[in-house]
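[1] my questions concern the predicted model and sequence given below.
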Amino acid sequence: MTLALRYAGVSLGYQGRAVLTDVNLELRAGQRLALVGPNGAGKSTLIKSMLGLVPVLRGEAEVLGGERGRAGYVPQTDTLDADFPISVRRVVMMGRYRRIGWWRPARTEDRRAVAEALDRVGLADRASHRFGTLSGGQRQRVLLARAIAAEPRLLLLDEPFNGVDVVSQEAIVRVLRELSADGAALVVSTHDFAVARELADLVCLLNGRQWAVGPPAETLTAGPLRRTYGGSVVDLDNDMVLIEP
Amino acid sequence: MNWWDDALHRATAEVVLAGALAGLIGVQVVLRRLSFFTMALTHATFPGVVAASIIGVNIMLGGVVAGAVVALGVAALTRRRGQDAAAATGVLLSAGFALGAALVATQSGFSRALSSFLVGSILTVGVPDVVTTAVVLVVVALVLLAGARPLVQIAFDRGGAEAAGLRLGAWDVVLLLTIEVVVVTLVPAVGTILALSLIVAPAAAARLWSDRLPLITALAVVFGVGSGLAGLWMSGQWNVAAGAAISLTATGVLLVSWLCTRLRTLLATTRSVVPA
């Protein structure tokens, strides 16, 4: 299968100062990778590096064999302006701009792609609503639809389950499984062990550096989690519980 | 007699063009929440136009240079630890105004020009002023039309826009320069200080009436032009300063819009509470 991501001995940072080191991972088309770690661990930095927005200080990072434009990004909804006068349909259409061009009008195929993406996340009936009137979970699904409309080969999601209701979480997980079955590679950052276990084929544990990478059964266990979180994890019947210091 | 020979005709043409221009750029200012920053730009434009006038160069050049200095100053101060953008903008706002006042004090017999820089002097606009405003209106409309998708995406979702390959810095410079050019163009009509209300009030009022960007833009232009014409008419009718009358009318439009939308919300709530 095609390689979507290859990071070998990568250090990332700003102005020459590393914030994340020792990243070694490979992700193939159709695989789902969860980035797990505490706040400030470097999860967002790693995702931004995949978009080419954070410089690689050391090592080799290869994204989609150089076709970085085929990577889609789903930001956290709370970084967006909820008062903004924009309809759900128009937000999803933003996903098509790279294909349409920034100046040409949308074509029939673009409108069809937008409708299909909204249908896929279960929000076809909300197309004409203002984005800000939707619930947090629905907004996250709209942003997912926007990324789907771009037909990405690699989809990067920054904490997509933060502040999301159960219905939306289930809808997002279902759509992500479908997308990877269709051949897209996925990277999802989360601090929720249960979500990572349910969703991912591979888990990468981060906290300033990469502490472990592998299947959830090997990485979301007491040893690697203690190393990553600094001893504040207890094992309750195979369910890992994080103890906040 | 040529139609343009009448000062009132020139003033009317100028307020129509200036109102449309202010309404157009105002939508971007309101969407990006740049009202306070625009206020700093207007105050920084003041010393720029005064200096340009003293040296004897085009006042637009002086205004744009001064505005660019403030934009860079805010960016530089904000980057320093412990400084937020509002504090940096506030300091540069009053510093700009103080510099303008100091420059004016160096010249004797400058008070009349001072007042026209501050609050405009619509009845003294010449044909070149009107032509300049018309050209700037066309250019600004083209820039906003060509940049509509990038500007909207950046205003709505900065992170997503950057991830989609947009160069945020370049688009920010385009927008700030466009705002500054509009501010300077509005000086003959409403002056540097009053330009802010003609830029922000019509767009903020339009935002209250609609959630659709094309309609908001159209309404902002209508409110801007309407405020200009109504202000000019009131100025002639009651012998008040035109710049002030235009500015107050724009503020009135915002106030009435706010009251209407409040009333609408209140009625909707009452209807849903009291069954028919």
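    The structure has been received and is ready for your questions.
[2] CA-only coordinates of stretch B:11-26 in PDB, if you can.
    Provided in PDB are the C-alpha atoms of stretch B:11-26 (Å, rounded to 0.1, in the frame of the first residue of the first chain):
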ATOM      1  CA  ALA B  11     -20.000  67.500  -2.500                       C
ATOM      2  CA  THR B  12     -23.000  65.300  -3.400                       C
ATOM      3  CA  ALA B  13     -20.900  63.300  -5.800                       C
ATOM      4  CA  GLU B  14     -18.200  63.000  -3.200                       C
ATOM      5  CA  VAL B  15     -20.500  61.800  -0.400                       C
ATOM      6  CA  VAL B  16     -22.100  59.200  -2.600                       C
ATOM      7  CA  LEU B  17     -18.700  57.800  -3.700                       C
ATOM      8  CA  ALA B  18     -17.200  58.100  -0.200                       C
ATOM      9  CA  GLY B  19     -20.300  56.400   1.400                       C
ATOM     10  CA  ALA B  20     -20.100  53.500  -1.000                       C
ATOM     11  CA  LEU B  21     -16.400  53.100  -0.400                       C
ATOM     12  CA  ALA B  22     -16.700  53.200   3.400                       C
ATOM     13  CA  GLY B  23     -19.600  50.700   3.300                       C
ATOM     14  CA  LEU B  24     -17.600  48.300   1.200                       C
ATOM     15  CA  ILE B  25     -14.400  48.300   3.300                       C
ATOM     16  CA  GLY B  26     -16.500  48.500   6.500                       C
END
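[3] and it, how far from the chain's centre?
    Chain-centre distance of stretch B:11-26: 10 Å, with C-alpha atoms, centre = their mean, to the nearest Å.
[4] ok, that stretch near chain A or not?
    No. Using C-beta under 8 Å from any C-beta of the partner chain, stretch B:11-26 stays clear of chain A, coming no nearer than 13.7 Å. All C-beta atoms are positioned from the backbone trio N, CA, C, and that covers glycine.
[5] what's stretch A:13-23 in contact with?
    A:7, A:9-12, A:41-42, A:45-46, A:54-55, A:57-59, A:204, A:206, A:208-210 (C-beta atoms under 8 Å, 6 or more residues apart in numbering or on different chains).
[6] try it again with 7 Å
    A:Y7, A:V10, A:S11, A:L12, A:G42, A:T45, A:L46, A:L57, A:L206, A:G208, A:R209, A:Q210 (C-beta atoms under 7 Å, 6 or more residues apart in numbering or on different chains).
[7] what sits closest to the residue in chain A that chain B sits nearest to if chain neighbours are left out?
    Scanning chain A for proximity to chain B using C-beta to the nearest C-beta identifies A:Y73 as nearest, at 3.8 Å. Nearest residue to A:Y73 in three dimensions, chain neighbours excluded: B:A163, at 3.8 Å (C-beta to C-beta, 6 or more residues apart in numbering or on different chains).
[8] neighbours around the one you found, how many?
    Residues lying near B:A163 (other C-beta atoms under 10 Å in any protein chain shown) number 23.
[9] residues contacting it?
    Each residue near B:A163 by C-beta under 7 Å, 6+ apart is listed here: A:L51, A:L53, A:Y73.
[10] taking those one by one, which sit in strands?
    Here DSSP state E is the test, and the contacts of B:A163 give A:Y73 as lying in strands.
[11] looking at the contacts of B:A163, state which has the most neighbours.
    A:Y73 (26 neighbours).
[12] state the pLDDT value of whichever residue of the stretch 151-276 of chain B sits closest to chain A.
    Of all residues in the stretch 151-276 of chain B, B:A163 sits closest to chain A, with a separation of 3.8 Å (C-beta to the nearest C-beta). Here the pLDDT value assigned to B:A163 is 91.
[13] what about it? Give its phi and psi, please.
    Torsion angles at B:A163 (phi, psi; degrees, to the nearest 10) stand at phi -60, psi -30.
[14] ok, B:D6 next?
    According to degrees, to the nearest 10, B:D6 has phi -80, psi 120.
[15] any idea how far chain A is from it?
    B:D6 is 40 Å from chain A, where distance means C-beta to the nearest C-beta, to the nearest Å.
[16] burial count for that residue?
    Neighbour tally, B:D6, other C-beta under 10 Å: 11.
[17] same thing with the one 3 residues further on?
    Under the neighbour criterion other C-beta under 10 Å, B:H9 is assigned a count of 13.
[18] what packs against the one helix or strand it maps to?
    B:H9 is part of helix B:7-31, with elements assigned from DSSP states H and E. Applying 3 or more C-beta pairs under 7 Å, 6 or more residues apart in numbering or on different chains; DSSP states H and E, one finds that helix B:7-31 contacts helix B:127-146, helix B:168-209, helix B:213-238.
[19] tell me the SS of the residue nearest the centre of chain A?
    The residue lying closest to the centre of chain A (C-alpha atoms, centre = their mean) is A:L157, at 1.6 Å. Classification of A:L157 using DSSP: H, G, I helix; E, B strand; the rest coil returns strand.
[20] state the distance from it to A:A196.
    Distance of A:L157 to A:A196, computed by C-beta to C-beta, to the nearest Å: 12 Å.
[21] helix or strand with the lowest mean pLDDT in chain A?
    Lowest by mean pLDDT, DSSP states H and E among the helices and strands of chain A is strand A:233-236, with a mean of 60.
[22] relative to chain A, how far out is B:A75?
    Noted for B:A75: a distance of 17 Å to chain A, by C-beta to the nearest C-beta.
[23] give me the element that residue is part of.
    In this structure, B:A75 sits in helix B:59-79 according to DSSP H and E.
[24] what's the local residue count around the residue in the stretch 1-150 of chain B positioned nearest to chain A?
    With C-beta to the nearest C-beta, the shortest gap between the stretch 1-150 of chain B and chain A falls at B:R149, namely 5.0 Å. For B:R149, the neighbour count with other C-beta under 10 Å is 19.
[25] got the contact list for it?
    A:Y97, A:W102.
[26] distance from the one helix or strand it maps to to the middle of the chain?
    Per DSSP H and E: B:R149 is located in helix B:148-156. The chain centre lies 20 Å from the centre of helix B:148-156; the measure is C-alpha atoms, centre = their mean.
[27] assign a three-state SS to A:L12, would you?
    strand.
[28] so it sits against A:S49, correct?
    Yes. Counting by C-beta atoms under 7 Å, A:S49 is a contact partner of A:L12 at 4.9 Å.
[29] hey, what's in contact with both of those two?
    With C-beta under 7 Å, 6+ apart, A:L12 and A:S49 have common neighbours A:V56.
[30] near chain A, which residues of chain B? Just list them.
    Along chain B, the residues adjacent to chain A under the rule C-beta under 7 Å from any C-beta of the partner chain are B:31, B:146, B:149-150, B:153, B:155-157, B:159-160, B:162-165, B:207, B:211-213, B:216.
[31] contacting residues around the spatially most central residue of chain B?
    The residue lying closest to the centre of chain B (C-alpha atoms, centre = their mean) is B:I199, at 3.2 Å. The contact partners of B:I199, taken as C-beta under 7 Å, 6+ apart, are B:A22, B:I25, B:G26, B:V29, B:T38, B:V182.
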